[in-house]
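*Asks:* below are the sequence and a predicted model for it; my questions follow.
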Amino acid sequence: MQLARLDAATLQTMRVSVVDQLYSALRAAIIDNDLSPGSRISEAEIAQHYGVSRQPVREAFIKLANEGLLEVRPQRGTFVAKISLSAVMDARFVREAVEADIVKLLAQDAAPALIADLRGQLTRQRGIIGGSARDFMEADEAFHHTLAAGAGKANAWRVIVEMKAQMDRVRFLSSMHFSVARLVDQHTELVEAIAAGDAGRAEQTIRAHLKGILQDLPVIEQEHPEFFR
């Protein structure tokens, strides 16, 4: 088990609770496969690792279980849940529907400041190519959040985030095996379509972009069958 440590000062910050920080750290570890599907996870070990009591760890575990990332087995312990294919497919379906409407809204009235922001993010994304999968995941998350916020749909994005944890696990594995440059090219095409006010091209591009997981998923499942339910 490899987990990044949270220093004492960070854990004591007044703006984010210990539970939320533990939840975020453990969620990232599960999505990044530092905590592999099917592995056992202990409240006591996590509490010792982060230097906290077991109560916030227990609360973080509950949040992760509600998200489908942990599985509590009576008399056996708590385990990292295996990836649910049905949850991946449901999240992808909902995300495509929502983001297709978001990019159409943006193309109807593309604010120059938003386009400049997105193009700046594209430059940073190109600098990440060949780097870590986690760095690209964070950049990708920021890009899609910016699209939603730019269309005034930040709340809709939060709904997507809440249901796409299983999808993110597959996306992380995909970014380790497949071309990140391809994804950045798709982001670039999307931004240019929005900038040109071409709602149809923007919609087509985002749909193709989010359907990529349908091509990657069978390969990931074949390479790591033990990760899936």
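*Replies:* Looks like it arrived, so ask away.
*Asks:* can you give me the strands for the protein?
*Replies:* Assigned by DSSP state E, the chain shows strands spanning 40-41, 70-73, 77-80.
*Asks:* relative to residue 181, which of those is closest?
*Replies:* Closest to residue 181 of the strands of the chain is strand 77-80 (C-beta to C-beta; 30.6 Å). The way it works is simple: take the backbone N, C-alpha and C, and place the C-beta from them, glycine included.
*Asks:* each with direction, which strands does the closest one pair with?
*Replies:* As defined by DSSP bridges, the strand partners of strand 77-80 come to strand 40-41 (antiparallel), strand 70-73 (antiparallel).
*Asks:* distance check, the spatially most central residue of the chain against residue 92.
*Replies:* Nearest residue to the geometric centre of the chain (C-alpha atoms, centre = their mean): residue 168, 4.2 Å. Note on residue 168: its distance to residue 92, by C-beta to C-beta, to the nearest Å, is 11 Å.
*Asks:* equivalent analysis for residue 223, please.
*Replies:* Counting by C-beta to C-beta, the gap from residue 223 to residue 92 is 19 Å.
*Asks:* and those two? Which one has more around it.
*Replies:* Neighbours per residue (other C-beta atoms under 10 Å) separate residue 223 from residue 92, with residue 92 holding more: 21 against 10.
*Asks:* isn't the more buried one right next to residue 212, touching?
*Replies:* No: counting by C-beta atoms under 8 Å, residue 92 does not reach residue 212; the two are 9.7 Å apart.
*Asks:* turn the strands paired with strand 77-80 into a markdown table, columns for mean pLDDT and mean neighbour count.
*Replies:* Below are the strands paired with strand 77-80 laid out as a markdown table (pLDDT from 0 to 100; neighbours: other C-beta atoms under 10 Å):
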| stretch | mean pLDDT | mean neighbour count |
| --- | --- | --- |
| strand 40-41 | 95 | 17 |
| strand 70-73 | 92 | 15 |
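*Asks:* okay, those in CSV with distance to residue 20 next?
*Replies:* Listed next are those as CSV, based on distance: least, C-beta to C-beta, whole Å:
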stretch, distance to residue 20
strand 40-41, 18
strand 70-73, 16
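*Asks:* so which of those comes closest to residue 106?
*Replies:* Closest approach to residue 106 among those (C-beta to C-beta): strand 70-73, 36.2 Å.
*Asks:* for residue 79, list the residues it contacts.
*Replies:* Going by C-beta atoms under 8 Å, 6 or more residues apart in numbering, residue 79 touches 38-41, 70-71, 73.
*Asks:* what sits opposite it in the beta ladder?
*Replies:* residue 40, residue 71.
*Asks:* any idea how far it is from residue 95?
*Replies:* 27 Å.
*Asks:* from residue 116, how far off is the residue nearest to the centre of the chain?
*Replies:* For residue 168 relative to residue 116 (C-beta to C-beta), the value is 28 Å.
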